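Novice: pasting a predicted model and its sequence here:
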Amino acid sequence: MIVKSIYETSYPGMYKVAGDSGAAFFIRPEYLPFIPFDTIETNVEFDDEKTDMLLDAGLACVVELKAVEYLARSEQSRFGLSRKLIEKKYEKKYINMALDFLESKKYLSDSRFSRAWLNSRKINHFEGRKKLLMELQSRGISKEIAVIAVDEFFQENDELEICKKALERFIKKGKTDEKLYEAMINAGFSWKMVKEIK
């Protein structure tokens, strides 16, 4: 491939390259570890191996731009975003390249996603520590990150008060005795905490 033009786009650090075939695509230096970026200039010819590397960088940029679309709508976990991109038929190789870059720039963060998810979840759900940890981990969040996020959440939100609200809700739903205790334990509250408020 012979480079016919290359220029930086309005998206920071991303360049648009046009080849002699007429096709144009985006690249960024981070996706080209084996090609010195300053060697990509107008009228420079690349052999097949380096052309493939340039095209790989282009495909990683395509995935990155799609990932950013999702991130613009709401916080995402790496696991959840990866699944969405796989459903769109993007290759895992390019997904990993793009998500590694987005994490390195802090655009994608499992910690931030966890905090946002917990704050959103509390609007309609009254759940204890165990349930919230399990829910985060089921969304691909590591145990380590989930524990920190849940600890922070309960520094700002009184778990005992949430437990009381859960109890009131289950009583309104007609739960009593063993069924009530079972529902509270399933909602993630400890036996000790349930006994304390009952």
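Specialist: Everything's here; your move.

Novice: what about the longest helix in this structure?
Specialist: helix 48-73 (DSSP state H).

Novice: next helix or strand past that one?
Specialist: Reading on from helix 48-73 to the C-terminus, the next helix or strand found by DSSP states H and E is helix 78-87.

Novice: quick check, distance from that following helix to the centre of its chain.
Specialist: Helix 78-87 sits 8 Å away from the centroid of its parent chain (CA atoms, centre = their mean, to the nearest Å).

Novice: so what touches that helix?
Specialist: 63, 66-67, 70-71, 76, 92, 95, 98-99, 103, 108, 110, 113, 139-141 (CB atoms under 8 Å, 6 or more residues apart in numbering). C-beta here means a position set from N, CA and C on the backbone, and glycine is covered the same way.

Novice: apply 10 Å and report the result again.
Specialist: 63-64, 66-67, 69-71, 75-77, 90-92, 94-96, 98-100, 102-103, 108-110, 113, 117, 137-142 (CB atoms under 10 Å, 6 or more residues apart in numbering).

Novice: tell me the contacts of the most centrally placed residue in the chain?
Specialist: Residue closest to the mean C-alpha point of the chain, counted by CA atoms, centre = their mean, is S77 at 2.3 Å. Each residue near S77 by CB under 10 Å, 6+ apart is listed here: 83, 108-114, 116-117, 136, 139-141, 145.
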